[in-house]
Structures are given as C-alpha cells and as structure tokens.
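Asks: Structure for the following, please:
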Amino acid sequence: MLSTVSNSFLNNLLFYQKITVKKIFSNEELLLYHFFHEITENTPQNVIIVKEFVFFFLKNEDYFKAKAKLPYLRKKFQHRKIVIVREEDVLVNLVYGFFPDPYIHTVRIERNIYTGKTKIMVGFLSYEERGIAIGCKGNYIKAVNEIFERYVVFVNNDGNQVKIKCDVVKM
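Replies: Here you go, the predicted structure:
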C-alpha cells in the first residue's frame with residue numbers, strides 16, 4: 001500500500017497528465033462537423049458520437065460563442081443529445097469540461113492496488129447535481145466513460161485507463 005504523500009504525488013501526476021483525443025471521423029460525424037460549423041461559425045476540433053450523444057469538442061476561445069447556439073442545435077437534433085466540450089490537453093481539465101452545469105465539489109483518484117484500475121471520483125454536493133451529471137439511466141456517464149476508453153490517449157502512453165464515477169460528497 002502506498003503512503004498518502006506518495007498517493008497525493010501520484011494523483012497529481014495523473015491529474016495533470018497530458019492527453020489527446022483521437023480524431024477519427026465517421027461519415028455521420030463529418031456531416032455533423034459541417035452542420036455545426038454552418039450554424040455556429042465555429043470549427044469543432046473533434047466530433048464524437050456515442051449512442052444518442054453527439055460531443056463537439058471546441059477550442060477554449062470558441063466555446064462560449066458556440067454554447068450560445070446550443071438551444072438551437074438541440075432543437076434541430078431532437079433525436080440526439082448535443083454536448084459541447086472544451087478541448088483540453090490535461091486530464092483534470094477535460095474531466096471538468098464534461099460536467100459544465102452541476103457544481104463539482106471535489107475530484108479525487110481511487111486506485112485498486114489489486115487490479116491496477118483507476119477511477120476518477122467526481123464529487124457533488126447533492127443527489128440532484130449527481131443526477132444531472134450521470135444523466136437519465138446513467139447514459140451520460142456511460143457515454144463519457146466510453147470516450148475515455150476508446151478516444152482519450154495519454155501522451156506518455158503509460159497504459160493508463162481511467163473510469164469516471166460520480167458520487168455525492170458527505171460534508
């Protein structure tokens with residue numbers, strides 16, 4: 001078992017790990033890419049479709065301008081759930097980017113020393129905020145985890161695989 005000082009150091013290393021999000025577009029994603037650009041006049045850095053969710057990744061400077069068009073985009077795509085995420089190259093910033101609406105109280109790392117699996121625990125103050133974060137039937141958090149599993153690549157390629165879990169923080 002690692003000491004808490006060592007754990008804190010290792011957690012910081014993981015939190016500030018450089019990452020990239022793979023850019024492989026399907027035909028449908030290319031169509032959505034062009035449609036998004038047409039409506040918002042912003043070029044997405046990436047488009048990822050996971051089940052009913054469409055994630056548009058944008059540069060920081062384009063985020064708020066595009067976010068203003070989000071209600072219109074959602075109305076146009078009633079059969080899809082549209083999510084706009086800031087493209088980040090640091091793990092902890094990307095985690096925060098996936099949950100822009102509810103207030104995140106804490107973010108911590110849990111490691112299972114027996115399996116080697118790593119979970120990033122995102123803590124909320126209420127079950128209502130947690131419910132917003134995970135989505136109906138947990139579909140949103142499942143989609144986020146699929147993105148982390150299939151598309152997020154750690155630059156150092158240490159074989160890191162993380163899973164995001166949302167929880168309510170006890171005060």
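Asks: Torsion angles phi and psi at the residue nearest the centre of the chain?
Replies: Residue closest to the average C-alpha location in the chain (C-alpha atoms, centre = their mean): F98, at 3.6 Å. Note on F98: its backbone torsions stand at phi -80, psi -10 [degrees, to the nearest 10].
Asks: Give me the domain ranges for the chain.
Replies: 1-18+89-171, 20-88 (automatic domain parsing).
Asks: okay, those domains in CSV with mean pLDDT next?
Replies: Formatted as CSV, the domains of the chain follow (pLDDT from 0 to 100):
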stretch, mean pLDDT
domain 1-18+89-171, 82
domain 20-88, 92
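Asks: For this protein, just list every one of the strands.
Replies: Assigned by DSSP state E, the chain shows strands spanning 19-21, 46-50, 53-58, 81-86, 106-111, 118-124, 152-154, 162-168.
Asks: so how many other residues sit close to the nearest residue to the residue nearest to the centre of the chain once chain neighbours are set aside?
Replies: Excluding its sequence neighbours, the residue lying closest to F98 (C-beta to C-beta, 6 or more residues apart in numbering) is V144, at 5.1 Å. (Glycine included, C-beta is placed from N, CA and C.) Other residues within reach of V144, judged by other C-beta atoms under 10 Å, total 27.
Asks: and if you look at the one 5 residues further on?
Replies: Other residues lying near E149 total 11 when counted by other C-beta under 10 Å.
Asks: Equivalent analysis for A66, please.
Replies: A66: 21 neighbours (other C-beta under 10 Å).
Asks: Lovely, talk soon.
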